[in-house]
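S.K.: what would the 3D arrangement of this be:
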Amino acid sequence: MTPLFSVQPFFVASYNRYDVVIMEESLFQGINVCYGVVIIRRGLFRDTLPFTIYPHKIRLSLIVLFTKRIAVRKQEMLILENVEAEGISMTEQTNGRLPKNPEPLWREDMDIPEYTPLEEHIETDVVVVGAGITGLTSAYLLAKEGLNVTVLEAGRILNGTTGHTTAKITAQHGLIYDELIQNVGQSQARLYYEANKEALDFIKETVNEDKIECDFKEQDAYLYATTERSASKIEKEYEAYQKLRIGGDLGDQLPFSIQVSRTLRMKSQAQFHPLRYLSQLAEQVKKNGGNMYEQTTAVNIDKQDGKRIVHTRNEKRVTADFVLVCSHFPFYEGSAFYSARMYADRSYILGVKTKHPYPGGMYLSVDQPNRSLRSAQLHGEEIVLIGGESHKTGQGKDTMKHYQALEKFGQDVFEMKDIAYRWSAQDLTTLDKLPYIGELSPGEDRVLIATGFRKWGMTNGTAAALMFRDLVLGKKSPYVEVFSPSRFNVHPSLKNFLVENGDVAKHLMKGKLDVPDRRPEDVAKGEGKIVSIKGHRKGAYRDENGELFVVDTTCTHVGCEVEWNSGDCTWDCPCHGSRFSYKGDVIEGPAEKPLQQHDHTIFDNFTSEDSGY
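M.R.: Model (predicted):
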């Protein structure tokens with residue numbers, strides 16, 4: 001039927017099989033009144049009905065729930081109170097405040113040099129795979145030692161996990177030290193602290209010595225509890241601090257409108273602008289004779305005449321004495337099965353402008369859902385970073401709801417003027433929560449790996465680079481044992497191994513048994529949906545111009561079924577955390593090959609050239 005309004009819509013929302021199109025907005029006694037049409041889908045037939053919305057005490061503004069029997073008359077007013085709905089998809093800003101597209105604050109006004117892809121076979125002393133904080137710091141250190149260093153990056157440098165961090169430089173990694181004492185002993189827990197404290201000191205010294213302008217600023221770090229149960233956990237963590245000779249003090253207040261039961265402060269930690277810092281390290285690598293290649297994906301490692309050969313997707317080779325695998329998830333696992341010994345989770349960040357000055361400090365809640373706070377500077381203006389809402393990648397509710405939860409928290413705690421940025425990050429956690437840093441597998445001392453930083457990559461990644469420098473130069477490192485990738489602490493590693501791999505099996509079977517009832521024509525603009533095409537499970541995304549992109553939903557890593565991430569417009573794997581663009585291109589491993597356009601099955605992963613094996 002012909003729509004009753006000819007003006008262009010400024011807002012579109014969908015719920016189940018009902019589209020809400022807001023055509024016009026005006027003020028009525030100081031409250032927004034919206035006029036539009038409801039398009040009720042009944043197969044291929046649609047009814048078009050006019051309506052008026054009067055938002056009143058509504059959490060998700062402009063959302064209306066309709067039933068098939070609803071009768072809506074022109075100019076009828078609907079009073080909405082505390083409405084919440086599942087399955088909302090919006091093609092414009094959610095609530096009119098969240099930015100439409102995710103983009104980290106750190107890339108604003110950054111003129112990061114571009115590097116060409118590798119187009120020939122080369123030889124080098126050390127090849128570093130991955131240009132985040134671990135890879136670039138490693139390259140910086142080894143180039144300073146006079147080694148010939150080559151860095152390979154699958155995409156753009158500093159655009160992975162490092163480019164999406166909150167950039168806290170601290171040895172306070174949540175409630176960790178009491179747990180480490182219980183699981184690996186007091187001496188190993190102390191070594192973990194020392195490694196991260198040395199990393200903090202190294203960053204501070206490098207900033208001063210190289211005169212890097214990166215907004216480096218010392219800050220106290222705080223853990224805080226809002227419940228009595230969590231307060232007791234903080235007190236146990238404080239006892240662990242005392243056992244490990246870590247400076248800290250307890251409190252019961254924060255300079256925010258947050259009711260807390262206990263706080264734990266670690267003094268003299270720090271924060272910075274990670275890309276400004278690391279872009280300067282990249283320049284130093286070049287000045288010291290290092291080579292940098294972007295859009296160069298490493299896919300395999302071979303041995304020949306005592307050397308290690310890294311093969312790239314474009315069939316070029318890099319021959320080196322050492323390979324440093326710094327690619328977040330290891331691009332090469334060998335026989336170490338890292339995908340079975342880690343899990344991936346996502347968390348979310350808002351960059352907001354507030355009416356009142358931020359009081360300083362870095363904060364992390366120990367209750368769930370967790371909340372993280374710090375400030376940053378941009379163009380002389382203060383931006384407060386609000387983070388949290390962690391969940392396993394590819395699992396859980398509509399990802400936009402995580403942003404909305406942070407928005408509500410920010411509104412409750414701060415008087416927000418504007419939400420300038422939103423983005424998400426992906427992190428890897430090992431079985432015992434300690435990173436894997438060292439030999440890829442026992443006896444393979446020429447291929448070193450660093451992964452599993454559990455959200456604390458600024459210090460753990462730097463600690464890994466310092467370790468790599470020592471190992472490559474033949475020096476001893478006191479941290480080899482605590483970070484050894486081949487370790488297996490029976491408690492808690494065995495339990496977590498069974499839990500995590502049981503979770504993988506559950507999602508593998510769940511995806512295979514899922515029978516979608518949606519069709520491609522059910523996908524609205526700006527939406528991604530699991531649909532059925534000729535009986536096969538497919539992923540469909542329709543862009544703002546109406547163009548439909550369809551991919552097979554079988555992940556090219558192990559064969560689990562990917563799910564749609566509406567917050568980032570990506571397809572995410574719930575098993576091992578691989579992520580793909582809406583076109584199917586790999587954004588994050590362990591998958592190496594894109595989602596396929598044709599029908600793709602789990603068995604193809606082991607037989608097809610299009611798989612990652």
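S.K.: what are the boundaries of the strands in the stretch 51-200 of the chain?
M.R.: 77-80, 89-90, 122-129, 149-152, 168-169 (DSSP state E, counting those that start in this stretch).
S.K.: go on, the stretch 351-500 of the chain?
M.R.: Using DSSP E, counting those that start in this stretch, strands in the stretch 351-500 of the chain cover 362-365, 371-378, 381-392, 416-430, 436-439, 447-451.
S.K.: circling back to that earlier point, Ile176 is nearest to which of the strands of the stretch 51-200 of the chain?
M.R.: Among the strands of the stretch 51-200 of the chain, strand 168-169 comes nearest to Ile176, with 13.9 Å by Cβ to Cβ. For glycine as for every other residue, the C-beta is placed from the backbone atoms N, C-alpha and C.
S.K.: hmm, who's touching that closest one?
M.R.: By Cβ atoms under 8 Å, 6 or more residues apart in numbering, the surrounding residues in contact with strand 168-169 are 199-200, 203, 221, 269-272, 362, 372, 374, 456, 458-459.
S.K.: can you redo those residues as a markdown table with distance to Gly528 and pLDDT?
M.R.: Below are these laid out as a markdown table (distance: Cβ to Cβ, whole Å; pLDDT from 0 to 100):
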| residue | distance to Gly528 | pLDDT |
| --- | --- | --- |
| Ala199 | 39 | 98 |
| Leu200 | 40 | 98 |
| Ile203 | 39 | 98 |
| Ala221 | 38 | 98 |
| Gln269 | 39 | 98 |
| Ala270 | 39 | 98 |
| Gln271 | 35 | 98 |
| Phe272 | 35 | 97 |
| Met362 | 35 | 98 |
| Ser372 | 28 | 97 |
| Arg374 | 32 | 97 |
| Trp456 | 31 | 96 |
| Met458 | 32 | 97 |
| Thr459 | 36 | 98 |
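S.K.: the residues you listed into CSV, with extra columns for distance to Asp302 and neighbour count?
M.R.: As requested, these are exported to CSV (distance: Cβ to Cβ, whole Å; neighbours: other Cβ atoms under 10 Å):
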residue, distance to Asp302, neighbour count
Ala199, 32, 26
Leu200, 38, 20
Ile203, 35, 23
Ala221, 44, 24
Gln269, 42, 22
Ala270, 41, 22
Gln271, 42, 24
Phe272, 39, 21
Met362, 44, 23
Ser372, 42, 22
Arg374, 44, 23
Trp456, 33, 23
Met458, 33, 26
Thr459, 33, 26
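S.K.: which one of those is nearest to Tyr293?
M.R.: The closest of the contacts of strand 168-169 to Tyr293 turns out to be Met458 (Cβ to Cβ; 24.6 Å).
S.K.: distance of the closest residue to Tyr338 other than its chain neighbours relative to Arg308?
M.R.: Nearest residue to Tyr338, sequence neighbours excluded (Cβ to Cβ, 6 or more residues apart in numbering): Pro330, at 5.2 Å. To Arg308, Pro330 is 14 Å away according to Cβ to Cβ, to the nearest Å.
S.K.: ok, back up a step: out of the strands of the stretch 351-500 of the chain, nearest to Gly474?
M.R.: Closest approach to Gly474 among those is made by strand 447-451 (13.0 Å; Cβ to Cβ).
S.K.: so for the closest one, what's the average pLDDT?
M.R.: For strand 447-451, the mean pLDDT works out to 96.
S.K.: same thing with stretch 313-325?
M.R.: Averaged across stretch 313-325, pLDDT comes to 96.
S.K.: just the CA coordinates for it, please, in CSV.
M.R.: Extracted C-alpha coordinates of stretch 313-325, given in CSV (Å, rounded to 0.1, in the frame of the first residue of the first chain):
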residue,chain,number,x,y,z
ARG,A,313,49.1,-15.7,1.9
ASN,A,314,50.5,-14.1,-1.2
GLU,A,315,53.1,-16.9,-1.4
LYS,A,316,56.1,-14.8,-0.3
ARG,A,317,58.6,-16.1,2.2
VAL,A,318,60.6,-14.6,5.1
THR,A,319,63.6,-16.6,6.3
ALA,A,320,64.8,-15.7,9.8
ASP,A,321,66.7,-17.0,12.8
PHE,A,322,63.8,-16.2,15.1
VAL,A,323,60.0,-15.9,14.6
LEU,A,324,58.0,-13.9,17.2
VAL,A,325,54.3,-14.7,17.0
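S.K.: so for that stretch, what gets flagged as buried?
M.R.: For stretch 313-325, the buried set under the neighbour-count rule, 16 or more other Cβ atoms under 10 Å, comprises 316-325.
S.K.: measure stretch 536-553 end to end?
M.R.: End-to-end distance of stretch 536-553: 9 Å, with Cα to Cα, to the nearest Å as the criterion.
S.K.: buried residues in it, which are they?
M.R.: So, applying 16+ other Cβ under 10 Å, buried residues of stretch 536-553: 537-542, 549-553.
S.K.: of these, closest to Ala405?
M.R.: Nearest to Ala405 out of those is Tyr541 (Cβ to Cβ; 24.1 Å).
S.K.: ok, back up a step: now the strands of the stretch 351-500 of the chain in JSON lines, with distance to Leu191?
M.R.: Formatted as JSON lines, those follow (distance: least, Cβ to Cβ, whole Å):
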{"stretch": "strand 362-365", "distance to Leu191": "22"}
{"stretch": "strand 371-378", "distance to Leu191": "26"}
{"stretch": "strand 381-392", "distance to Leu191": "26"}
{"stretch": "strand 416-430", "distance to Leu191": "16"}
{"stretch": "strand 436-439", "distance to Leu191": "12"}
{"stretch": "strand 447-451", "distance to Leu191": "16"}
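S.K.: how many residues are close by the nearest residue to Glu114 once chain neighbours are set aside?
M.R.: Nearest non-adjacent residue to Glu114, counting by Cβ to Cβ, 6+ apart: Glu294, 6.6 Å away. Neighbours of Glu294 under the rule other Cβ atoms under 10 Å: 19.
S.K.: what of Asn208?
M.R.: Neighbours of Asn208 under the rule other Cβ under 10 Å: 10.
S.K.: quick check, it in a helix?
M.R.: Yes: the assignment for Asn208 by DSSP: H, G, I helix; E, B strand; the rest coil puts it in a helix.
S.K.: ok, it to Gly457 distance?
M.R.: Noted for Asn208: a distance of 22 Å to Gly457, by Cβ to Cβ.
S.K.: same thing with Pro359?
M.R.: Distance of Pro359 to Gly457, given as Cβ to Cβ: 26 Å.
S.K.: so which of the contacts of strand 168-169 sit within helices?
M.R.: If you go by DSSP state H, those have 199-200, 203, 458-459 in helices.
S.K.: between these, which is closest to Trp571?
M.R.: Of the ones in helices among the contacts of strand 168-169, the one sitting nearest to Trp571 (Cβ to Cβ) turns out to be Met458, at 28.6 Å.
S.K.: ok, that closest one - contacts?
M.R.: With Cβ under 8 Å, 6+ apart, Met458 has these contacts: 133, 165, 167-170, 199, 203, 274.
S.K.: could I get the residues you listed as TSV with distance to Gly334?
M.R.: Converted to TSV, the contacts of Met458 look like this (distance: Cβ to Cβ, whole Å):
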residue	distance to Gly334
Ile133	24
Thr165	28
Ala167	32
Lys168	32
Ile169	32
Thr170	32
Ala199	27
Ile203	31
Pro274	30
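S.K.: quick one: buried ones out of those residues?
M.R.: By neighbour count, with 16+ other Cβ under 10 Å, the contacts of Met458 hold 133, 165, 167-170, 199, 203, 274 as buried.
S.K.: lovely, talk soon.
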